[in-house]
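# Quick check, what structure comes out for this input:
(chains A and B)
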There are 2 protein chains.
Amino acid sequence: MSTKPFLYTSLSPALLHLYNLSNSAVVIIDVFRATSTIAAALHNGARCVIPVDSVPKAIEISKSIDGIAAGERDGRIAEGLQHGNSPLEYTHEFIRDKTLVLTTTNGTRLLQMALDKNADTIISGSFPNLSAVCDFLVAEKKNVVLGCAGWKDRFNLEDTLFAGAVIHHVKNKFAIHCDSSLMAETMYARHKSNLVKFAPQLTHYHRLVERFGLIEDIKFCLTPDIADVLPVYNDGKLVPK
Amino acid sequence: MSTKPFLYTSLSPALLHLYNLSNSAVVIIDVFRATSTIAAALHNGARCVIPVDSVPKAIEISKSIDGIAAGERDGRIAEGLQHGNSPLEYTHEFIRDKTLVLTTTNGTRLLQMALDKNADTIISGSFPNLSAVCDFLVAEKKNVVLGCAGWKDRFNLEDTLFAGAVIHHVKNKFAIHCDSSLMAETMYARHKSNLVKFAPQLTHYHRLVERFGLIEDIKFCLTPDIADVLPVYNDGKLVPK
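Predicted coordinates:
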C-alpha cells in the first residue's frame, strides 16, 4: 500500500504557523475576491499577476513595467488606485497581454506568509478555477495545505467552502486527519447545490453587497470553473501554468 | 427595539486576540476533557477547581491546601501526578468537599489568556453542563465570546460542536454576525441527534480512544446536562454558582 500525501486546512492566516509548508503545495484561498480576480485576469489573457502588500508598491511596480495597478482595502478600491478587486473588471479586452499588480487586504498577505514559511509550491484557488486546482494537486502527489485568507485573521465561510470543495474532489488521493478539513467538506456538501442562495448568510456578503452592491461579483466568485486556469507563484509573479 | 448583546465564537486560542473580552462573558470550552471534568467535579461536590498552568504548581498548591493535584499532558495523566483529566475519576465519594487543582494541555491555557485579556466574566462550558451555561448567558444579557480551546491551537470539532449547541439554544437573545458561529451551529444541527456516533470521525477521538481506551470518557463528555452546574471563575478558582 502506497502512502498517501497529507492534506490539511488552515482556517485563518493566524493558524498557518501550525502547519509545515516546506514540503507542501499551499493553496492561497481568498474567494471574495482576490483569488477569484487572479483567476479571471489570467483566464482572460493577463501575462501575469504580481501580488504586492501595499498601494505605493503597486503604483511603483506598475509604472516601471507599464502594468495595471489595482487593489482594495476593506472591500473598496484602494485610495490612489483606479482599479479594484472585482473579477468583472478584468475582461479579455482590458487585461489581455497586460500585467496586473494587485494588492488586497487578506489574500496578498497570506501569500507572503506562505513564502516566508518556505512553501514548496504556491498556487491560488477559487471556485472559478476549482477543477484546475484539484487536477494539479492530484497530479503533484505532494502534501497539501489549503490556506484560507479569512477576513483580518477571522474565520470566514466562503474560503472554508472552497477548501471543502477541493477536499470533496480530491479526498481519495490524500490522507486527511484534520478536523478543519472534515468541517470544511461537511459545510460544502451541505451548501454546494446552491452557494449563491446561501451567500446572504455570510458576513462578507453584507460587506460587499449591502455596502457596495457587488452581487454580480459574488455570483462570479461562487461559480465553479468559469475561469479555469492554474495560477502558480514563481519569482514574484502568479503565472498561468 | 432593544439592542441585543453580541455573540462571537473564537475557534482557537490563537484567534482569541481578535475579540474584545473586556465587556464580555467568556465561555472556556475544552470538551475532551478539561471543562467536562470541571463540571463533573463541581457537580459531585468539589468545593472548587483551581486551574493552574504547570504540574509543579499543581503539586505545590494542592499540598498547601490539602487538595487533589490532577492533570494531563498530551491526553494522559501528567508525570508526577496520581490523578488525571477524566471526568469519571471525580465521583461524589472521591471529590466531595475537596479542592481539585487541575492542569491541562489546552483549557487551562485558554483560561489564562482570557484573564490576561481582562474578560469581564469567565465560566467553563461542556455538554455535561450545557443548560447551566445557556441559562446563565441569557440571564446575564452581556456580550458573549465562546472560546474553543482546540488542540495546541488547532481547530477541533468537539469544542466547535459545543459552541454550536450553545448558539442553538440562545441565538434568539443575541446579535450574531460571525461566520464561526454560523458554522458551529450548522455542524451541531447536523450531528446533535447522535454525537457519540459521530465521535470516531474526530481527530481527538483517536488520541483518546485508540491510544488510551477512553470511550466511557467520550460518552460522558458528549452527554448534555449530566453534570449541570455552572463553574464561574473568581479569584483564582472555579466555583459553582
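
# Show me the contact partners of the helix or strand of chain A with the lowest mean pLDDT.
In chain A, the helix or strand scored least confidently by mean pLDDT, DSSP states H and E is strand A:76-77, which has a mean of 85. Here strand A:76-77 makes contact (C-beta atoms under 8 Å, 6 or more residues apart in numbering or on different chains) with A:71, A:83, A:84, A:85, A:212. (Glycine included, C-beta is placed from N, CA and C.)

# Need the pLDDT of residue A:52.
In this model, residue A:52 is scored at 93, pLDDT.

# The one 10 residues further on too?
Looking at residue A:62, its pLDDT is 96.

# For it, what is the enclosing helix or strand?
Per DSSP states H and E: residue A:62 is located in helix A:55-65.

# What's the local residue count around residue A:224?
For residue A:224, the neighbour count with other C-beta atoms under 10 Å in any protein chain shown is 17.

# where exactly do the helices run in chain A?
Remark: helices assigned in chain A by DSSP state H are A:34-43, A:55-65, A:92-95, A:107-116, A:130-140, A:157-170, A:179-191, A:195-198, A:203-205, A:215-221.

# looking at these, which is closest to residue B:130?
helix A:179-191 (20.3 Å; C-beta to C-beta).

# what's the spacing between residue A:10 and residue B:204?
18 Å (C-beta to C-beta, to the nearest Å).

# again, but for residue A:159
Going from residue A:159 to residue B:204 by C-beta to C-beta gives 24 Å.

# thinking again about what came up before, just give the strands next to the least confident helix or strand of chain A in its sheet, each with its orientation.
Here strand A:76-77 has these sheet partners by DSSP bridges: strand A:68-73 (antiparallel).

# Just give me the neighbour total for the nearest residue to residue A:44 once chain neighbours are set aside.
In space, residue A:44 comes closest to residue A:92 once its chain neighbours are excluded; the distance is 4.3 Å by C-beta to C-beta, 6 or more residues apart in numbering or on different chains. By other C-beta under 10 Å, 11 other residues sit near residue A:92.

# With residue A:215 instead?
Neighbourhood size, residue A:215 [other C-beta under 10 Å]: 15.

# With the one 3 residues further on instead?
Using other C-beta under 10 Å, residue A:218 has 23 other residues around it.

# how close does it get to residue A:108?
Going from residue A:218 to residue A:108 by C-beta to C-beta gives 21 Å.

# now residue A:231
Separation of residue A:231 from residue A:108 (C-beta to C-beta) stands at 13 Å.

# Which of these two has more residues huddled nearby?
Higher neighbour count among residue A:231 and residue A:108: residue A:231, with 30 against 21, using other C-beta under 10 Å.

# Would you tell me which residues of chain A are close to chain B?
Listed as neighbours of chain B in chain A under the rule C-beta under 8 Å from any C-beta of the partner chain: A:11-12, A:14-15, A:18, A:152-157, A:160, A:177-180, A:182-183, A:186-187, A:190, A:201-204, A:206.

# Show me how to select, in ChimeraX, the buried members of these.
Per 16 or more other C-beta atoms under 10 Å in any protein chain shown, the buried members of those correspond to this ChimeraX selection:
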select /A:11,12,14,15,18,153,154,155,156,157,160,178,179,180,182,183,186,187,202,203,204
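
# Residue B:235: which of the helices of chain A is closest?
Per C-beta to C-beta, nearest to residue B:235 of these: helix A:179-191, 34.6 Å.

# Tell me the helices and strands packed up against the closest one.
Here helix A:179-191 touches strand A:7-10, helix A:157-170, helix B:157-170, helix B:179-191, going by 3 or more C-beta pairs under 8 Å, 6 or more residues apart in numbering or on different chains; DSSP states H and E.

# could I get these as CSV with mean pLDDT and distance to residue A:140?
Output for the helices and strands packed on helix A:179-191, formatted as CSV (pLDDT from 0 to 100; distance: least, C-beta to C-beta, whole Å):
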stretch, mean pLDDT, distance to residue A:140
strand A:7-10, 98, 12
helix A:157-170, 98, 11
helix B:157-170, 98, 28
helix B:179-191, 98, 29
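
# I'd like to know which of these lies nearest to residue B:124.
For residue B:124, the closest of the helices and strands packed on helix A:179-191 is helix B:157-170, at 10.9 Å, according to C-beta to C-beta.

# This completes my enquiry, with thanks.
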